[in-house]
Each structure stands twice: as C-alpha cells, then as structure tokens.
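J.: need a structure here:
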Amino acid sequence: MLYAVFMSSVLPPLPQPQEPFDTPELLEVGPAPEEQCLRADAARNRARLLEAAARLIAEHGVAGVTMEAVATAAEVGKGTVFRRFGDRTGLLMALLDHSSRQLQADFLGGPPPLGPGAPPVERLRAFGVAVLYRSADQLDLQLAAQPEATRRYANPPMQALRTHVTMLLRRIDPEADCDLLAQTLLGYLDPALVHHLTRQCGMPMERLEAGWIDLVARITRTEPPR
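T.: Okay, here's the model as predicted:
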C-alpha cells in the first residue's frame, strides 16, 4: 500500500538530476573544505579540542561535554572553542565527522554489498544495516548532535545519506518518486527512533535489522534474502 501511494500516476513529473549519479558532490569523503584551509597550528588545536571532548564523553558521557568543559580539558580559552565549532551542536557534529566519513567511504568505495559491485537492492539492504548499527554504537552522541528541527534534514551528513539512497532507488525503479521514498527509508534509521525502539521498547537490534530488510523488500517489490 505504501509503495502504491508513492507510485501513483498522479505524481508530478520528477525533476531531472543535476549531478551524475556516480559522482554526487555531497558524497566527497576527502578532508572537509574548512580543514584544507586551516593552518597547521589551527589544525592541531582543532584535533586537541576534539580529543578533549572525546575524553569527556568517555569519562562522563555526552552530558559532560560542554563548551566550558572542553576548554578547561584542552587548557584553552572558552572563546577558542566557540570560534572553532560555533556551538555545542557544532562540536558534537565534529566528533561524529570521522565515522560519517568512514561510512561514506565504505558505501562509495568499500567492498560489496555495501560498496559498489553488488546489485542496488543488496547495497540498499547493507546500507541500512550499517547505519542502524552505527547509530546503536553512537546513540547518545548522535541524539545530542542532532540539529534543531528546521536544520535536521539540510545538514551535509544527512544530505549525503539521502543522495546515496536516492541513487540506489533510481537504479532499482527509475519511475518511482525516489526522493520521497528515500526520506521514508531514512526515517526508519533515525537515531531518535532507534533510541525509542531499543531503549524504551526493549527491541533487540536483530528485530530492527529484520524490519529494515522487510521494508526494503516491500518498497522495492523484491524478494527478501532467504
């Protein structure tokens, strides 16, 4: 039923993609542009601040990461932390940056089925499973680093994931409204939902993984793996 709604003939024509499917700008995994411009000493200071923030998380959890606490742990002025990261969300997002880039590297150039070389449906299944377990491993940090509601879907990491899922869906069924289908699939992988299902409802990760496989099969009208 869900798939049928998205596939309805009353949908407006889909806009043509502006970027080649294989080289979307959002999925670049090299150094971030701002890092390329940093002087060597500024880069070292940034790394020092992130190391201090990581130590605070290990010792006190995400709640222990404040701009003041990071400044104290790194032995710098609080203004330095604000200038580098803007606010606490920016700092937490920077902490997630490494794993985000690693995930992108894996689905852009890693081994199949997550990386190139497998059929798009298999890659889509593997992508969701990878994101689910990454979220579970970093759940507190991901929840704390989520941008406020009006920026949540426009931040670069989310745009990169959405672009990748949209590309896979277009290869599976180019006639579908793949942009909206991608949003539907990514909603299942939202860290807040993973938190609710695992910690508040007590669901095991195996059930969430099976649910993802089933959702992909239903949306793409393919047989789930046996």
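
J.: By mean pLDDT, flag the weakest helix or strand of this structure.
T.: Scoring the helices and strands of the chain by mean pLDDT, DSSP states H and E places helix 2-6 at the bottom, with a mean of 38.

J.: Verify the stated contact: residue 121 with residue 220.
T.: Yes - contact criterion C-beta atoms under 8 Å: residue 121 and residue 220 qualify, at 5.7 Å. All C-beta spots, glycine's among them, are computed from the backbone N, C-alpha and C.

J.: ok, so what distance separates residue 99 from residue 141?
T.: Distance from residue 99 to residue 141, counting by C-beta to C-beta, to the nearest Å: 9 Å.

J.: now residue 167
T.: According to C-beta to C-beta, residue 167 stands 27 Å off from residue 141.

J.: Okay, now the unreliable bits of the protein?
T.: When residues are selected by pLDDT under 70, those of the chain lie in 1-38.

J.: Could I get the full set of strands for it?
T.: For the chain, no strands are identified by DSSP state E.

J.: returning to what we had before: look at residue 99 and residue 141 and report which has more neighbours.
T.: The neighbour comparison of residue 99 against residue 141 (other C-beta atoms under 10 Å) goes to residue 141, with 22 against 15.

J.: ok, the closest residue to the more buried one other than its chain neighbours - contacts?
T.: Closest residue to residue 141 apart from its sequence neighbours, by C-beta to C-beta, 6 or more residues apart in numbering: residue 62 at 5.5 Å. Residues touching residue 62, when contacts are defined by C-beta atoms under 8 Å, 6 or more residues apart in numbering, comprise 92, 140-141, 143-144.

J.: Just the ones in helices from these, please.
T.: If you go by DSSP state H, the contacts of residue 62 have 92, 140-141, 143-144 in helices.

J.: Could I get the full set of helices for the protein?
T.: Per DSSP H, the chain carries helices over the ranges 2-6, 33-37, 40-60, 67-74, 78-85, 88-109, 120-137, 139-145, 156-172, 178-188, 191-195, 205-220.

J.: Please list all residues in contact with residue 96.
T.: Residue 96 touches 138, 141-142, 145, 157, counting by C-beta under 8 Å, 6+ apart.

J.: which one among these gets closest to residue 82?
T.: Checking those against residue 82 with C-beta to C-beta, the nearest one is residue 145 at 16.5 Å.

J.: separation between that closest one and residue 66?
T.: On the measure of C-beta to C-beta, residue 145 and residue 66 end up 14 Å apart.

J.: more neighbours, the two?
T.: Taking other C-beta under 10 Å, residue 145 and residue 66 do not tie; residue 145 has more neighbours (23 against 15).

J.: nearest spatial neighbour of the more buried one, skipping sequence neighbours?
T.: In space, residue 145 is closest to residue 92, 3.5 Å off (C-beta to C-beta, 6+ apart).

J.: Quick check: that neighbour vs residue 59, distance?
T.: Going from residue 92 to residue 59 by C-beta to C-beta gives 16 Å.

J.: Kindly report the same for residue 102.
T.: Shown here: residue 102 relative to residue 59, a distance of 24 Å by C-beta to C-beta.

J.: Also residue 180?
T.: From residue 180 over to residue 59 the distance is 43 Å, taken as C-beta to C-beta.
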